[in-house]
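Enquirer: got a sequence here, can you model it:
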Amino acid sequence: MATMRAVQIAQRGGPLQLVELPIPEPGPEQVRIRVEACGVCHGEMVAIEGHHPHMVYPRVPGHEVIGVIDKLGDGVAGWNVGERVGVGWMGGHGEVTGLTQDGGYAEYMVAYIDGLARVPDGLEAKAAAPLMCAGNTVFTALRSSMARPGDLVAIGGIGGLGHLAVQYARKAGYRVAAVSRGRDKEELAKSLGADVYIDAKADDPGAVLRELGGARAALATAPNAASIRQLFEGLAPGGELIIVAGSGEPIDISAAEMLGGKRAMRGWTAGPAADSEATIRFSLLTNVVPMIETFPLERAQEALDKMLNADVRFRAVLSMA
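Expert: Numbering: from 1, shown residues only. Down below sits the predicted model:
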């Protein structure tokens, strides 16, 4: 039986383990993918910590997958061996990639065809991988927001999500205010397209945003309740706060504060394959590129640890080359 290298979670809370597994066979309406690259996302902690009622171990994580179709299952139409594809968080047929079905921390994986996104040949796999979740999330959040070209948009946090959000906001024609703690990311944020940089360590982001006329939309990419509240305080009347990353801590915002100025708050996560394709198209058209650090598959635990400790600038990617 042919085997492959894969990294799996053996049990809840356990570390990542490099193992040899049988190369999977695609079932009906599935394809097998030879994985080229897979991004390392904070969503992996959902699998490691077992935050899903249908979580079964062992499990191969990874939901920012780029690869080439290697084999077709029964009933597959419209897809061909040799096509480059991507698979994100929503894996088709109601499955969650790397959570309820095995993901891309492996040399091969299988996926349902309704979870596949087409990936142009000219896009490097390592650069495309973060677009399947991180890029998908912030691009579609901005696209769905109340903001229109010329409006002020605030991006809270300049990390794996935020550095992409600043680029998308700028390319979409918004005025962009980047918010982070300290001055160390100011030059980077402005080079990515921020018109204004707000040092949350030295200034009150809400007050500065209000002085600028208020943000029509604010994207919270850092999982910090206090920072999220500061963004809410900087909204213009009728503005909205969109949370794309969060922790379990409560956010101290009252109903009365939301009523004042008719301000809104909602959450947002990565969408289906069609949203990944739209993200890729916009990224190619406007030259939005994720900043990545690559690791071989056998260093997956190191890549995950660095991501969790915010030691990666800005997305960690496993390369199967």
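Enquirer: dump the least confident helix or strand in the chain by mean pLDDT to CSV, keeping only the CA atoms.
Expert: Ranked by mean pLDDT, DSSP states H and E, the helix or strand of the chain with the weakest confidence is helix 255-259, at a mean of 89. Written as CSV, here are the backbone C-alpha positions of helix 255-259 (Å, rounded to 0.1, in the frame of the first residue of the first chain):
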residue,chain,number,x,y,z
ALA,A,255,-27.1,48.0,23.9
ALA,A,256,-27.5,51.7,24.6
GLU,A,257,-24.1,52.4,23.0
MET,A,258,-25.1,50.6,19.9
LEU,A,259,-28.4,52.5,19.8
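Enquirer: contacting residues around that helix?
Expert: 232, 263-265 (Cβ atoms under 8 Å, 6 or more residues apart in numbering). The C-beta positions use only the backbone N, C-alpha and C, and glycine is treated the same way.
Enquirer: what about 10 Å?
Expert: Under the criterion Cβ atoms under 10 Å, 6 or more residues apart in numbering, residues 229, 232-233, 235, 241, 263-265 lie in contact with helix 255-259.
Enquirer: if any of those are buried, give me the ChimeraX selection for them.
Expert: Per 16 or more other Cβ atoms under 10 Å, the buried members of the contacts of helix 255-259 correspond to this ChimeraX selection:
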select :229,232,233,235,241,263,265
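Enquirer: rewinding a little: how far out from the middle of the chain is the least confident helix or strand of the chain?
Expert: When distances are taken as Cα atoms, centre = their mean, to the nearest Å, helix 255-259 is centred 30 Å away from the chain's centroid.
Enquirer: likewise stretch 95-112?
Expert: That offset, for stretch 95-112, works out to 16 Å (Cα atoms, centre = their mean).
Enquirer: one more: stretch 15-30?
Expert: For stretch 15-30, the distance to the chain centre is 23 Å (Cα atoms, centre = their mean).
Enquirer: got it, and stretch 28-45?
Expert: With Cα atoms, centre = their mean as the basis, stretch 28-45 stands 13 Å off its chain's centre.
Enquirer: buried set for it?
Expert: Under 16+ other Cβ under 10 Å, the buried positions of stretch 28-45 are 29-44.
Enquirer: quick one: the helices in this protein?
Expert: In the chain, the helices defined using DSSP state H lie at 44-48, 125-128, 134-143, 162-171, 186-192, 205-211, 225-233, 255-259, 273-286, 300-308.
Enquirer: that older thread, wait, which of the buried residues of stretch 28-45 is closest to T294?
Expert: A37 (7.9 Å; Cβ to Cβ).
Enquirer: skipping its backbone neighbours, what lies nearest that closest one in space?
Expert: A125 (4.1 Å; Cβ to Cβ, 6 or more residues apart in numbering).
Enquirer: try G271
Expert: T140 (5.2 Å).
Enquirer: likewise for M320?
Expert: M320 sits nearest to V35 (Cβ to Cβ, 6+ apart), 5.2 Å away.
Enquirer: what's across from that neighbour in the sheet?
Expert: Beta-bridge partners recorded for V35 (DSSP bridges): G67.
Enquirer: quick check: pLDDT value at it.
Expert: V35 carries a pLDDT value of 98.
Enquirer: that one and E64: what is the separation?
Expert: Between V35 and E64 the computed distance is 11 Å (Cβ to Cβ, to the nearest Å).
Enquirer: name the residues contacting each of these two.
Expert: In contact with both V35 and E64: 87, 103-104, 129, 318, using Cβ under 10 Å, 6+ apart.
Enquirer: who wins for most neighbours among these?
Expert: Most neighbours among these, by other Cβ atoms under 10 Å: A129, with 36 neighbours.
Enquirer: one step back: closest to V68 among the contacts of helix 255-259?
Expert: L241 (39.7 Å).
Enquirer: correct me, but the closest one touches T221?
Expert: No. Between L241 and T221 there is no contact, the gap being 11.7 Å when judged by Cβ atoms under 10 Å.
Enquirer: give the residues shared as contacts by the two.
Expert: Residues touching both L241 and T221 by Cβ under 10 Å, 6+ apart: 156, 228, 231.
Enquirer: any idea which of the residues you listed is least confident?
Expert: pLDDT across those is lowest for I228, at 94.
Enquirer: pretty sure that residue contacts A245?
Expert: Yes. Between I228 and A245 there is a contact under Cβ under 10 Å: 9.4 Å.
Enquirer: find residues that contact each of those two.
Expert: The contact lists of I228 and A245 share 156-157, 220-222, where a contact means Cβ under 10 Å, 6+ apart.
Enquirer: leaving out the residues flanking it, which one is nearest to K190?
Expert: K190 sits nearest to Y197 (Cβ to Cβ, 6+ apart), 6.1 Å away.
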